[in-house]
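Student: Quick one: sequence and predicted model below, then my questions.
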Amino acid sequence: MALRAVNANVGFDSCCRSTFVSPMPSKSRSSREHNSFVFRCSQVSITESENSLIEALVGTQGRGRSSSPQQLNAIERAIQALERLGGGVPDPTNSSLIEGRWQLIFTTRPGTASPIQRTFVGVDFFSVFQEVYLQTNDPRVCNIVSFSDAIGELKVEAAASIEDGKRILFRFDRAAFSFKFLPFKVPYPVPFKLLGDEAKGWLDTTYLSHSGNLRISRGNKGTTFVLQKQTEPRQKLLTAISSGVGIKEAMDALISLNRKSGEEEPELEEGEWQMIWNSQTVTDSWLENAANGLMGKQIIGKNGRIKYVVDILLGLKFSMTGNFVKNGAKVYEVTMDDAAIIGGPFGYPLEMDKKFILEILFSDGKVRISRGENEIIFVHIRPDALR
């Protein structure tokens with residue numbers, strides 16, 4: 001049991017040396033889907049297949065634990081496409097691009113997943129990394145669970161060697177907790193020397209991008225891993241929202257990148273948008289929260305139509321519709337004047353009217369940041385675009 005706990009934690013890997021910049025607004029999406037891309041802010045070239053994987057990963061939480069079956073299928077298809085095309089760095093284990101610290105973005109969950117993997121890897125509050133240093137006198141692969149900058153980390157180390165151009169062999173030999181509030185390390189209680197062959201494993205790198213930004217690996221437990229040297233900015237925001245840590249910083253960084261990119265101003269795009277975070281503390285009245293857009297979905301329709309939908313209970317829904325008119329760059333005047341409680345084909349009308357200004361701070365067709373009534377900041381995702 002103890003070895004399996006460490007094995008699953010060491011079986012991850014990925015790479016990203018430069019910052020990914022948010023995709024262009026939806027008007028440019030068709031050209032983005034059929035070409036290679038060079039994002040000006042980071043000067044990183046991303047191929048169509050790499051972009052497909054990055055796009056599929058946006059919105060994953062718990063590094064895959066909370067993903068829908070549709071999203072998992074999209075991620076697996078994108079991974080297989082990159083592996084099948086074989087356009088990555090040849091003999092990745094001999095490349096300097098594999099060296100360094102990688103952050104785990106996504107992993108599958110086979111039946112052999114360890115208690116450590118189930119406990120730590122699926123929790124967004126913890127950051128999970130792997131350090132790969134093969135071109136040294138003491139080649140090593142180290143897996144790290146960072147609890148927070150204030151608390152510390154768990155580091156599990158393995159002596160490593162290169163078997164061939166793709167495979168790294170490793171043997172666990174030491175592990176310890178490093179807590180910021182203690183002047184010494186706390187040993188991780190696993191007797192590696194007594195485990196023999198059970199302390200061994202291997203990790204294949206099946207794709208390493210030429211930019212040194214992205215890596216796909218498969219481990220001896222049958223697990224697939226996607227890692228980056230630096231997390232894609234949208235994913236940073238969604239991870240921050242899931243963990244409740246660093247939301248403002250991640251949001252400001254994403255908006256800033258969008259401004260620096262020089263792309264067209266973001267618009268209020270059609271589709272169903274799920275509200276996942278807002279800066280307003282909810283009140284005791286669910287009706288007030290729903291009417292303020294602090295719950296449920298926002299549906300942007302054709303011809304300037306907008307609708308809020310909130311599932312209540314027992315099949316009942318709160319619905320509120322209205323209109324929006326563009327009034328300058330990124331700014332919309334919104335009027336909501338038709339509210340009701342809906343139950344099947346029946347509705348009970350409610351007397352509610354709201355007028356407010358909605359400003360779009362960032363939108364790429366998948367993730368949207370906006371500022372609404374009373375300066376409330378909203379983050380919405382479009383679930384159908386995340387599949």
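Tutor: Nice, I can see it. Numbering: from 1, shown residues only.
Student: mind checking which helix or strand residue 215 is in?
Tutor: Using DSSP states H and E, residue 215 maps to strand 214-219.
Student: For the chain, which residue occupies the most central location?
Tutor: By CA atoms, centre = their mean, the chain has its centre lying nearest to residue 235, at 3.3 Å.
Student: Between the two ends of stretch 208-227, what distance do you get?
Tutor: Taking CA to CA, to the nearest Å, stretch 208-227 runs 10 Å from one end to the other.
Student: again with stretch 368-382
Tutor: 8 Å.
Student: Could you do stretch 217-234 as well?
Tutor: This stretch, stretch 217-234, spans 23 Å end to end (CA to CA).
Student: Now that stretch: buried residues?
Tutor: With burial defined by 16 or more other CB atoms under 10 Å, the residues of stretch 217-234 counted as buried are 217-221, 223-234. Using the backbone N, CA and C atoms, a C-beta is placed for each residue, glycine as well.
Student: So what's the residue count around residue 381?
Tutor: Other residues near residue 381 come to 22 when the count uses other CB atoms under 10 Å.
Student: Could you check how far it is from residue 74?
Tutor: Between residue 381 and residue 74 the computed distance is 15 Å (CB to CB, to the nearest Å).
Student: wait, the residue nearest to the centre of the chain sits on residue 53?
Tutor: No - assessed by CB atoms under 8 Å, residue 235 is found out of contact with residue 53, at 11.8 Å.
Student: quick one: buried residues of the helix ranked longest in the chain?
Tutor: The longest helix of the chain (DSSP state H) is helix 69-85. By 16+ other CB under 10 Å, the buried positions in helix 69-85 come out as 71, 72, 74, 75, 78, 79, 81, 82, 83.
Student: Tell me which two in these are the farthest apart.
Tutor: Farthest pair in those (CB to CB) is 71 and 83. Separation: 18.8 Å.
Student: if we can go back for a sec, want to throw the buried residues of helix 69-85 into a markdown table with pLDDT and distance to residue 290?
Tutor: Formatted as a markdown table, the buried residues of helix 69-85 follow (pLDDT from 0 to 100; distance: CB to CB, whole Å):
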| residue | pLDDT | distance to residue 290 |
| --- | --- | --- |
| 71 | 81 | 27 |
| 72 | 85 | 31 |
| 74 | 88 | 31 |
| 75 | 90 | 33 |
| 78 | 92 | 36 |
| 79 | 93 | 39 |
| 81 | 92 | 41 |
| 82 | 93 | 42 |
| 83 | 92 | 45 |
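Student: quick check, nearest of the residues you listed to residue 139?
Tutor: residue 83 (24.7 Å).
Student: So the closest one is in contact with residue 205, correct?
Tutor: No - proximity of residue 83 to residue 205 does not meet the contact threshold set by CB under 8 Å, at 10.4 Å.
Student: For residue 289, pull up the helix or strand it's in.
Tutor: Here residue 289 is assigned to helix 286-291, by DSSP H and E.
Student: partners of the helix or strand just after that helix, with directions?
Tutor: For helix 286-291, the following helix or strand on the C-terminal side (DSSP H and E) is strand 297-300. Paired strands of strand 297-300, with direction, are strand 271-278 (antiparallel), strand 305-311 (antiparallel) (DSSP bridges).
Student: Mind listing residues that contact the last one?
Tutor: Outside of strand 305-311, the residues within contact range by CB atoms under 8 Å, 6 or more residues apart in numbering are 286, 290-291, 293, 295-301, 317-324, 334, 336.
Student: for the longest one, same thing?
Tutor: Counting contacts by CB under 8 Å, 6+ apart, the residues outside strand 271-278 that touch it are 238, 241, 247, 293-300, 368, 376-385.
Student: Let's see that strand as CSV, backbone CA atoms only.
Tutor: Output of strand 271-278 as CSV, limited to C-alpha atoms (Å, rounded to 0.1, in the frame of the first residue of the first chain):
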residue,chain,number,x,y,z
GLY,A,271,-24.8,30.7,-25.8
GLU,A,272,-25.4,29.4,-22.3
TRP,A,273,-23.0,30.8,-19.7
GLN,A,274,-22.7,29.2,-16.2
MET,A,275,-21.9,31.6,-13.4
ILE,A,276,-19.0,30.0,-11.4
TRP,A,277,-17.8,33.0,-9.3
ASN,A,278,-18.8,36.5,-8.3
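Student: Next, the buried residues of it.
Tutor: 271, 272, 273, 275, 276, 277, 278.
Student: and what of the shortest one?
Tutor: If you call a residue buried by 16+ other CB under 10 Å, then strand 305-311 has these buried ones: 306, 307, 308, 309, 310.
Student: coming back round to it: of the buried residues of stretch 217-234, which belong to strands?
Tutor: Among these, DSSP state E puts 217, 218, 219, 224, 225, 226, 227, 228 in strands.
Student: Which one of the residues you listed is nearest to residue 349?
Tutor: Nearest member of those to residue 349, counting by CB to CB, is residue 226, at 48.9 Å.
Student: Regarding the nearest residue in space to the closest one that is not next to it in sequence, what is its secondary structure?
Tutor: Using CB to CB, 6 or more residues apart in numbering and skipping residues adjacent in sequence, the residue nearest residue 226 is residue 106, 4.2 Å away. What DSSP: H, G, I helix; E, B strand; the rest coil gives for residue 106 is strand.
Student: Okay, residue 106 and residue 100: tell me how far apart.
Tutor: 19 Å.
Student: Look at these two and report which has more neighbours.
Tutor: Under the criterion of other CB under 10 Å, the comparison of residue 106 against residue 100 puts residue 106 first, with 25 against 15.
Student: Could you list the low-confidence segments of the stretch 201-350 of the chain?
Tutor: 260-263 (pLDDT under 70).
Student: tell me the contacts of the spatially closest residue to residue 302 that is not a sequence neighbour?
Tutor: Counting by CB to CB, 6+ apart, residue 270 is the residue found nearest to residue 302 once chain neighbours are left out, at 6.6 Å. The contact partners of residue 270, by CB under 8 Å, 6+ apart, come to 300, 301, 302.
Student: rerun at 10 Å
Tutor: Residues in contact with residue 270 (CB atoms under 10 Å, 6 or more residues apart in numbering) are 26, 299, 300, 301, 302, 305, 382.
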